[in-house]
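In: Predicted model, plus sequence, below.
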Amino acid sequence: MKSVVEYGPGTGAISRQLLKRVGEQQKFFAVELNGNFIPVLRKKLPELTVFNESVSDIRHICNREGVDWVDGIISGLPWTAFPESLQKELLEATLSVLADGGQFVTFAYVHGLALQNARRFRARLREAFSEVTVSPVVWRNLPPAVFYSCRK
Ligand SMILES: C[S@@+](CC[C@H](N)C(=O)[O-])C[C@H]1O[C@@H](n2cnc3c(N)ncnc32)[C@H](O)[C@@H]1O
C-alpha cells in the first residue's frame with residue numbers, strides 16, 4: 001500500500017500500532033476532529049502526522065497532501081452513533097478517495113450490533129463496497145467488537 005489514512009485516532013492506541021507497520025515509502029496520516037486530542041497525540045506519538053479536521057473533508061485533505069488515491073483506511077469513527085445523514089456523508093467522502101481495490105477497515109461493538117443505526121451502517125457498507133467481510137467477535141477487545149473489512 002502506498003498511502004494509508006487513519007480516521008479518528010483519539011488517544012492513539014491504534015495509531016501506535018499502525019506506525020510500527022507502515023514503511024518509510026508509505027504515506028500515512030491521521031484525521032482527528034476533536035482538537036483536545038491533538039496535543040495528546042503530538043506528545044505521545046511525535047512521529048504521527050495528524051490533521052485536526054473532519055473526515056468529511058478527506059478529499060480536500062488528500063488533494064492538499066498530494067495523494068490522489070488512498071490504498072487503505074483504518075477507521076476508529078463511532079459509525080453507529082452517527083445519524084444516517086452523517087454516515088452517508090462520511091462514507092461518500094471515503095469512497096471519493098479510496099482507490100479501486102483499496103481497503104476500508106472499521107469496527108463495531110457487539111452490544112450495539114442490533115441497533116437500527118448499526119444495521120443501517122452494515123447495509124450501507126454492503127452497497128458501497130464490492131466485498132465486505134465481518135470478523136468473528138474479538139472478545140479480548142473491551143468492549144467486545146467485530147471488524148468490518150471492505151474492499152472497494
Ligand atoms: C472511538 S474514538 C477512537 C478511539 C481511538 N481508536 C483510540 O484508541 O483512542 C472515535 C474518534 O473519532 C473522532 N471523530 C468523530 N467524528 C470525526 C470526524 N468526522 N472526523 C475525524 N474524527 C472524528 C472522535 O473525536 C474520536 O476521537
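Out: Okay, I see it.

In: For the protein, what lies in contact range of the ligand?
Out: Counting by C-beta under 6 Å from any ligand atom, the chain comes close to the ligand at 7-11, 13-14, 31-34, 37, 54-56, 76-78. All C-beta atoms are positioned from the backbone trio N, CA, C, and that covers glycine.

In: filter those residues to the buried ones?
Out: Buried members of the residues of the chain next to the ligand, counted by 16 or more other C-beta atoms under 10 Å: 7-10, 14, 31-33, 37, 54-55, 76-77.

In: Tell me which two in the residues you listed are the farthest apart.
Out: Ile14 and Ser54 (18.3 Å; C-beta to C-beta).

In: This protein: helices as residue ranges?
Out: 13-21, 37-44, 58-65, 84-97, 116-128 (DSSP state H).

In: Kindly reformat the ones you listed as a markdown table containing mean pLDDT and distance to Trp139.
Out: As requested, these are arranged in a markdown table below (pLDDT from 0 to 100; distance: least, C-beta to C-beta, whole Å):
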| stretch | mean pLDDT | distance to Trp139 |
| --- | --- | --- |
| helix 13-21 | 96 | 18 |
| helix 37-44 | 98 | 27 |
| helix 58-65 | 98 | 32 |
| helix 84-97 | 96 | 26 |
| helix 116-128 | 93 | 18 |
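
In: out of those helices, nearest to Ala108?
Out: helix 116-128 (5.7 Å).

In: what's the spacing between that closest one and its chain's center?
Out: Taking C-alpha atoms, centre = their mean, to the nearest Å, the mean C-alpha location of helix 116-128 is offset from the chain mean by 15 Å.
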